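Peer 1: Sequence and computational prediction follow.
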There are 2 protein chains.
Amino acid sequence: MNRQTRQREAIESALIRADRPLRPAEILELAGPLCPGLGIATVYRQVKQGVEDGRLRLVEIPGSGTLYEVAGKHHHHHFECRSCGRVFEVDGCPGGLKGLTPDGFLLESHEIVLYGLCRDCCGSAA
Amino acid sequence: MNRQTRQREAIESALIRADRPLRPAEILELAGPLCPGLGIATVYRQVKQGVEDGRLRLVEIPGSGTLYEVAGKHHHHHFECRSCGRVFEVDGCPGGLKGLTPDGFLLESHEIVLYGLCRDCCGSAA
DNA sequence: TCTAAAATGAGAATGGATTATCATGAATCG
DNA sequence: CGATTCATGATAATCCATTCTCATTTTAGA
C-alpha cells in the first residue's frame, strides 16, 4: 500500500484541493474524474492507510459519520452546513475549555462543531 | 405509545437517575433491573417517542453514536471518558464561537465535546 | 370487570458503512 | 525488458445499529 499509484495521487489531490474534510463517497466523486474507474474500496483502503501513516487525519462529525482531511494542519475545528452537508474547516479555538471540565476530570482533547449555513447556501436555502 | 407502562417508567427513571446521556444499550442495562424482561426494541421505541414528544433529547458524540438525555435542561455540553466510555454533562459554554465562524456563514448551533478521563478513571486508567 | 386498542419481547429483517475476496492490471527493481 | 509483488476494482460478505413483525400481554376506559 505504499506504492505510488494513480489512485493514491488522485485521492490525495482531491483532499488537498477540497481543503476541507471529505467523506469516502465525496472523495470518490472528486477523485473519480482524476482517475477514471476509481473504486470505493480503494478509497477506503487509501484513507485507512493514510491515517496509519499519519498523512491523513480522521474527522468525526456527530451524526455525519467519518471524514478525512490532510494531516499536519494547525489546530482547528469544523463547520457543517445543514443544507449542503459539506464540512468546512474553521480556524481558531475559544479558550476556557479547561474551565468547563468538572473537578477531578482530566481534559485531554476536545472537538467543536459549528452548525448552520455555509456561504453558498445562505442565499439559496435560507 | 402514550400509555403509562412499567417499561416507560423504568426507562425514564434510568435516564433521570443517571443524570447523563445514555446509549440505548446503557438504558437497557440500567432500566432492566427496574423492569425485568425489558427488551431493546422497547428502549428504541420509547426513546424515539420521547424525542418526538420533546421529553428527551438526542445527543450525538463523534465516534460514539447516539445517546439520549432528559430534555429541558439548560444549555450544556459533554465530556466523554476514553476509558469507561461514559458521557457526562458539563455546564457552561465558552463564548467567542461566533468569532470562529467564517465570513458569510450563518452560525445556528454548536456542539462541544471534551475528551479525557473521568473522575473514576483518573486513578485506575491513568 | 370486560373489551378494544396499544405496547411489549424475541428475534428476524433492514440499511448503510466498511471490509474481505480474488482475478486482473500496474509499479518496482534488477 | 521481465519477473515479482503489490494495488486495484467489482462485488460479496460482514458488522452494527436500528426497525419491523407478530403473537402475547397490558393498559385505559366504559
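Peer 2: It's in.
Peer 1: Which elements pack onto the longest strand belonging to chain A?
Peer 2: Longest strand in chain A, counting residues (DSSP state E): strand A:106-117. Packing contacts for strand A:106-117, counted by 3 or more C-beta pairs under 8 Å, 6 or more residues apart in numbering or on different chains; DSSP states H and E, involve strand A:76-81, helix A:97-100, helix B:97-100, strand B:106-117. In this view, the C-beta of every residue, glycine as well, is placed from N, C-alpha and C.
Peer 1: Tell me which of those lies nearest to DNA strand D.
Peer 2: Comparison of the helices and strands packed on strand A:106-117 against DNA strand D by C-beta to the nearest atom of the strand identifies strand B:106-117 as nearest, at 16.5 Å.
Peer 1: With only the CA atoms kept, save the closest one in PDB.
Peer 2: What follows is strand B:106-117, C-alpha atoms only, in PDB (Å, rounded to 0.1, in the frame of the first residue of the first chain):
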ATOM      1  CA  LEU B 106     -24.600  31.600   9.300                       C
ATOM      2  CA  LEU B 107     -24.000  30.000  12.700                       C
ATOM      3  CA  GLU B 108     -27.100  28.400  14.100                       C
ATOM      4  CA  SER B 109     -25.900  26.000  16.800                       C
ATOM      5  CA  HIS B 110     -22.800  24.200  18.000                       C
ATOM      6  CA  GLU B 111     -21.600  21.200  19.900                       C
ATOM      7  CA  ILE B 112     -18.600  20.900  22.100                       C
ATOM      8  CA  VAL B 113     -17.300  17.500  23.200                       C
ATOM      9  CA  LEU B 114     -14.400  17.200  25.700                       C
ATOM     10  CA  TYR B 115     -12.400  14.000  25.900                       C
ATOM     11  CA  GLY B 116     -10.300  12.700  28.600                       C
ATOM     12  CA  LEU B 117     -10.600  10.700  31.800                       C
END
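Peer 1: relative to strand A:106-117, how tilted is that strand?
Peer 2: 160 degrees (axes from the mean of the first three to the mean of the last three C-alpha atoms, to 10 degrees).
Peer 1: And strand B:106-117, what's buried?
Peer 2: Neighbour-count burial for strand B:106-117 flags B:Leu106, B:Leu107, B:His110, B:Glu111, B:Ile112, B:Val113, B:Leu114, B:Tyr115, B:Gly116, B:Leu117 (criterion: 16 or more other C-beta atoms under 10 Å in any protein chain shown).
Peer 1: So in that sheet, which strands flank it, and in what orientation?
Peer 2: Strand pairing for strand B:106-117, using DSSP bridges, gives strand A:106-117 (antiparallel), strand B:76-81 (parallel).
Peer 1: All the helices of chain A, in order from the start?
Peer 2: A:6-18, A:24-31, A:40-53, A:97-100, A:119-124 (DSSP state H).
Peer 1: do you know which of these lies nearest A:Glu69?
Peer 2: For A:Glu69, the closest of the helices of chain A is helix A:6-18, at 6.6 Å, according to C-beta to C-beta.
Peer 1: Counting neighbours, which bits of that closest one end up buried?
Peer 2: A:Gln7, A:Arg8, A:Ala10, A:Ile11, A:Glu12, A:Ala14, A:Leu15, A:Ala18.
Peer 1: Of the helices of chain A, which shows the lowest average pLDDT?
Peer 2: Ranked by mean pLDDT, the helices of chain A end with helix A:119-124 at the bottom, a mean of 89.
Peer 1: ok, it near chain B or not?
Peer 2: Yes. Judged by C-beta under 8 Å from any C-beta of the partner chain, helix A:119-124 comes into contact with chain B through A:Arg119, A:Cys122.
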